[in-house]
Every structure is written in structure tokens, then in C-alpha cells.
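Visitor: I need the structure of the sequence given here:
(chains A and B, ligands or ions: 1)
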Amino acid sequence: MSITYLEAIREAQAKLLRDDKRVFIYGQDVGGTFGGAFKATKGLAKEFPGRVLNTPISEDAMVGTAIGAALEGMRPIVEMQFADFSSIALNQILNNAGTHYWRTNISVPITIRLPSGGTKGSGPFHSQSMESLYAHYPGLIVMTPATVEDAYTMLIDAVAIDDPVVYCEHKYLYYHLKADDLPSEGMPIGRARIARAGRDLTIVSYSAMLQESLIAAEEIAKEGFEIEVIDLRTVKPLDTAAVLASVARTGRLLAVGESFPWGGATAEVIARVTTEGFHLLDAAPARINAKDTPIPYHPNLWSTHRPSSKVIAAKARQLLRE
Amino acid sequence: MLQTARPKKKKAPTNAPVHEKYVEAFRWMLLARTFEEKLASMYRGGRITGGVYVGKGQEAISVACGIFLQKGDVFAPLIRDQAGRSAFGEPLVDVARTYLGTRTGPMRGRDGNIHRGKPRDGQLAMISHLGAMISVLVGSLMAKRGQGEKNFVGLTTIGEGGMQTGASHEGLNIAAVEHVPLVVVATNNHYAYSTPNDREFACASLVDRARGYGFEGYELDGTDLAQCLDVIGTAVKRARAGRPPQLVVASVLRLAGHGEHDDFSYVPKEIYGESFAYDCVQRAQEFIKERELVDSATLQAWREDAVRQVDEAFAMAQKEPTPKGEEEDWCAISTRGLLDHPEEQE
Ligand SMILES: Cc1ncc(C[n+]2csc(CCOP(=O)(O)OP(=O)(O)O)c2C)c(N)n1
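Guide: From the prediction side, this is the model:
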């Protein structure tokens, strides 16, 4: 059997709907016979009548409704059609869901699925990676699964968690990533994973950039260097201890993310390592992000805008020389 | 002190039966007015941190919003809803606690003033962002229906200013799409902070939107407690009975500043001559006297009782501990194991 990242997300939701009657899915075009813009809910409306509901094009109200339902004991999953449109729901996510537990002592167990990241030809408004923005605000867990297995188990975990979870699923990985099987259990949430062991340089990455980083590491292995690649899995909480432990082994750090360069997950990784593990570093740390422009449409531009394995490898070589 | 005009049109004397909740509602109005007068005076004395927002002139509408709700219903109040919150069961001491920021209050000093609630008791805790609570209430009602609860309603309030946000539009629309038992009471108090109606919306009446959204809509004179009880009471009944969501648009004048920091000098004096500028508490009191619902000694005793309740609430809250930064649990999620940067939280 072979299962894609996208199918894993569908399977996780099917399992959640099957196992937990508090779960329902709320989003644009998720219901009926259609099953979502990417088919992540295909067939679920039929299998679970009344629990996979189409909504009006009202991102704010979709999340608001989910919050209200969660307060009454439900476990809603909101599907944004594209991560980019969650900007319309920022207020509900940040100011309502994100503040609720702290203000009232009552948590809001909602999961918001964000089909994230770039694919060729998608342009400025269907390509964004918004994890850094959500991670900046208090009160939210931000997941960025990079493997089929994580896509599956982390979505199940997301719904089980009593707090609001922003689940960033990468559209580029939807069809590209395949696994033989789905695991019955995953790593604990909040723990980073060593995706590739090494000794000469640590690359910290997540989501689709993990795959690019692994390709870069394999290429550089031919040159005699072993790069350790860390998959953060969740950017919030950020597993600082795992990153520090890796840098303690390698003495060098490169952080790679697909979101815009100002601040964000990669800057946070570097800030933590330099403030908490400065003595571990043998060279100045570096980071790679997308460029500080909107995301371009044409593939030639897009593939340059987004960090690629080539750019990562070049930067890694530079760091290894220092 | 602000003097408001009498209604221009002399109201025709009526012998119609008095609403069964009229007197009870009046007492909540009196309590809210008394509480907020005390609050305003404490604010002027520098004894309240942050803002104070009162519902002066809107007590009749607000009380009607709270008084028909029962256990199992959900209320999402906003800025000017002291009367309704009390009528729905919020203890006065919790209001005092929230304004004083004590650790004992529902918000524990983490949030203040009107931003308070007890969601487990059906009192949603508003965020500032206007319109955001409508869809939250819709979700609560959907969940209740899904869990097999029966005979419940949700009621939320909004100002004519807040009705112009995208969130309000999305919330009203999704309420109708989900056909939840919801009442939305919109109060047009003619100003959103300093902005008058003509810079807020351009439709003839906000109630016309009811039709556009698939709501049933009503207009009412918010200075008249009898109408408020009648119309909002009916709307609650209809929502409970499974009619489409209900929109009530009430007309009044905000008889105070936006908050107590605001001298509302931007409100032209002439407007106080309009019938919607009449003070609902005064009007209800006159009605009670006119119809001899109770004698003046009783009225006086009620006023004194309100003052006593308010004083007790503040006296109690003032004795209670306030939070301390170094003792605070700086944790915004309930899943402690997933706290980010735990080494800083020790
Ligand atoms: C989305 C949003 N924008 C701005 C504000 C700041 N604000 C608070 S109350 C208010 C005026 C509200 O007017 P209205 O809704 O008519 O209610 P009223 O104060 O008159 O009762 C404004 C602008 C806010 N709370 N929310």
C-alpha cells in the first residue's frame, strides 16, 4: 500500500469522525460530493452525514462558529481553502481563540487546517506560509508536519489537544510525499525529530523545507560532510532542547523556512541558539527564507523565491568552510 | 448633569395590561444605573484602572435582553449591557471584581471592565473586536442542537456601529444559514464613539437588513421599557420556537460619553430634544407612578436597596486580593506540557 500526505490527512479526519462524535468539519466546499478544493475530505460527508458541513465564504465566521461549538464541548476542524485566506479569520484565531483560555480559564479545542506553502503557478494569494505569524501570538499551538506519518498522527493529536491548534499542511507535499503505511502512534507533540543524523552542520527545518534540506544534505554527503537535519514538527512549541543538543554535536547551524524573512520561525531558532547556546557555535549561524516580496506566479520566479535544495546546499557549503 | 427632553409626541395614555416583567425589569434597570453611577464616580476619583463604559439610556433594551433568558440559554453581551447581564444572573460582585481586577473575579485581573463572562454559565466573554461574538454564539447554538438540547436560545447585542464590521455581516449571514435559535438586538444609539449615523451606514433603517440576511426583523423605541419587553420578549419566544434568527433594532440616544473619559461634546444639543433621547429609567419610573404599579415609598426603598447592593459589591471586592506579576501563571494554553520555552516559565 502507498499513501500520500494528502490521503493521510483525509484518513486522519475519517478516523477522528469515526472515533469521536464531538468532531465535525467546517469549511468551504468540504461537504457534499465534492470533498474540498484539494479533496482532503473526499467522501467524508457521505460517510458521516451532518458532520462535514459546507460554509459560506466567511472565514471569520467559520472560526467564530468553531470557537462557540468548542466552548460547548465539540471538537471542530476548520478547513481554510488556502492558508492565505485565514488572514480574514486572524481576529477570531488570535484574539478570540488565542486569548480565551488565559482570560477565562476555559480552553478552546479547535483545529484550523491551513493548506499552506507554494506550488508552481499559485501566485501571491494561494501560496503563503503563515506559521510564523500564528506562532508569534500567545495561546496557539502551531504544527508543521513534514512527513506523511506526521501529517496523520499530528492531525489526530491536534484534535485531542484542548487548546487551539493551527495545523499547517503543505500543499507541495500533498501528492509528492508517499509512505507505505500509516503509523498507529507518532512522536509526542512538541518534540523535534532528527530526520538525518550528522556531525558537521545542523540544519533546522520543518514542513516542505525539510524535504529540500534532506536533498541538500544528501548532495553534500558526496563531498564528505555529514549534515544533521532536524525536523521541528511544531514551530510552537519549538523544541529548543533538541536543536541545542544537535548544535552541541555539530557546532554549526542553518535554519530554513519557507515563510517571509522578517522575523519568524528561523529567526526564533537562531535567537534561541545564540542566546542559550552561544558557546556551542563554531561559526556564525545562518538562515534561509523566502524572499521579502509577495510570492510570484511564474515557475521561474517562484522557484527562485522559495528556498530550494540548491540554495540550501550552497549556504551549507559556505558554513562548512567557516 | 445631562438633562434630556421629554418625548415630543405626547404618548397616548394606555390602559393596556402592563407586561408581567415590567416591575422586575425596572428594578434591574435601577440597579444597573446605580451601579454605573458609582462606577463613574469611582473612575473620576481615580479608583478604576482603564476605561469605564456605561449603558446609560440603554438599560431598558439591555434588561429586556437578559430577562427572558433561562438556564441553558447563551448570552453574548457587549459594552452597554449591565442591566441585561444582571438580569441573566451575573452577580454584581463579579462586575466590581472585574473593574477592580481582583484575583477572585471571573477574569482574575487578566481582563477588565466589560470584557468579562463565564462561558460555562452561558455568559460569553466578549472580545473588543465588534461583531466577533455573533458567530461564536452561532457555534454554541449549533453545538447545543447537535448534542440534542432543546428549547434554548442565544441572544447577542451589537451597536449600530459594530453592525458595520465584516465580522457582523459574516456572523449574521452564517446564523441564518445555520438556522440557529438566535436573537440579535442592535441598538442604534446614534453615535459610534463620536461618529454620527450618516457616516456609519446609508440604508434607511438597519432593520431592512433583516430581510437581506433571512432574519425576521423588528424596530422599537428603546426608551420605552414596555416596548422593549414586548418586542424582545416576542423575538426570544419566536427564536425558541424555531423561527429564523431574529433581528431587533432599537433606537435610543447614548446618554453618556462613549466611555467616562469622553465628554461627548460632539453631540449637538438639539438632539436631546428628539424622542429617542428620552431617558428610559426616568420614563419607566413615570410609568410606574402613572399606573400606580407601586407607591413612592416602595420606589424609594428600591433605590435604597440598589445603593446598598452596589456598596456591598464594591466593599466585598475591595477587600479581595489583586494579582501579582511575580505570582502570575504566565501560561496562555491549558496543555502545560506544550508550553513554549518552558525554561523561562519557572
Ligand atoms: C472592530 C473594532 N473596531 C474598533 C473598535 C473601537 N470601538 C470600540 S466601541 C466603538 C464604537 C462602537 O459603536 P457602536 O457599535 O454603535 O456601540 P456603542 O458604543 O454606541 O454602544 C469603537 C469604534 C472596536 N472595539 N472594534
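
Visitor: all strands of the stretch 101-250 of chain B, in order?
Guide: Assigned by DSSP state E, counting those that start in this stretch, the strands in the stretch 101-250 of chain B fall at B:154-159, B:182-188, B:191-192, B:195-196, B:216-221, B:246-251.

Visitor: ignore the last one, chain A
Guide: Per DSSP state E, chain A carries strands over the ranges A:3-4, A:23-27, A:52-54, A:75-79, A:111-116, A:141-143, A:165-170, A:178-179, A:193-196, A:201-205, A:227-231, A:234-236, A:253-256, A:286-288.

Visitor: could you confirm whether the third one reaches chain B?
Guide: No - against chain B, strand A:52-54 shows no contacts by Cβ under 8 Å from any Cβ of the partner chain, the least distance being 8.6 Å. Bear in mind the C-beta positions are built from the backbone N, C-alpha and C, glycine included.

Visitor: what's the burial count for the closest residue to the ligand within the stretch 101-250 of chain B?
Guide: Closest contact between the stretch 101-250 of chain B and the ligand, by Cβ to the nearest ligand atom, is at B:Gly159 (2.3 Å). Neighbour count for B:Gly159, taken as other Cβ atoms under 10 Å in any protein chain shown: 24.

Visitor: which single residue in chain A comes nearest to the ligand?
Guide: Closest point on chain A to the ligand, by Cβ to the nearest ligand atom, is A:Asn91, at 7.7 Å.

Visitor: neighbours of that residue, how many?
Guide: Here the number of neighbours of A:Asn91 (other Cβ under 10 Å) works out to 22.

Visitor: ok, now A:Asp282?
Guide: For A:Asp282, using other Cβ under 10 Å, the count is 12.

Visitor: what sits against it?
Guide: A:251-252, A:322 (Cβ atoms under 8 Å, 6 or more residues apart in numbering or on different chains).

Visitor: do B:Leu220 as well
Guide: So B:Leu220 contacts B:227-228, B:231-232, B:248-251 (Cβ under 8 Å, 6+ apart).

Visitor: just the buried subset of those residues, written out for ChimeraX, thanks.
Guide: Those of those that count as buried under 16 or more other Cβ atoms under 10 Å in any protein chain shown are selected in ChimeraX with:
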select /B:227,228,231,232,248,249,250,251
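
Visitor: hang on, the earlier thing: ok, what's across the strand from the residue of the stretch 101-250 of chain B closest to the ligand?
Guide: Beta bridges link B:Gly159 to B:Thr187 when assigned by DSSP bridges.

Visitor: who touches the residue of the stretch 201-322 of chain A found nearest chain B in this structure?
Guide: The stretch 201-322 of chain A approaches chain B most closely through A:Pro237 (3.9 Å), counting by Cβ to the nearest Cβ. Residues in contact with A:Pro237, defined by Cβ under 8 Å, 6+ apart, are A:141, A:190, B:338-341.

Visitor: how about it, nearest residue that isn't a chain neighbour?
Guide: B:Asp340 (3.9 Å; Cβ to Cβ, 6 or more residues apart in numbering or on different chains).

Visitor: do I have it right that that neighbour meets A:Leu238?
Guide: Yes - judged on Cβ atoms under 8 Å, B:Asp340 makes contact with A:Leu238 at a distance of 6.0 Å.
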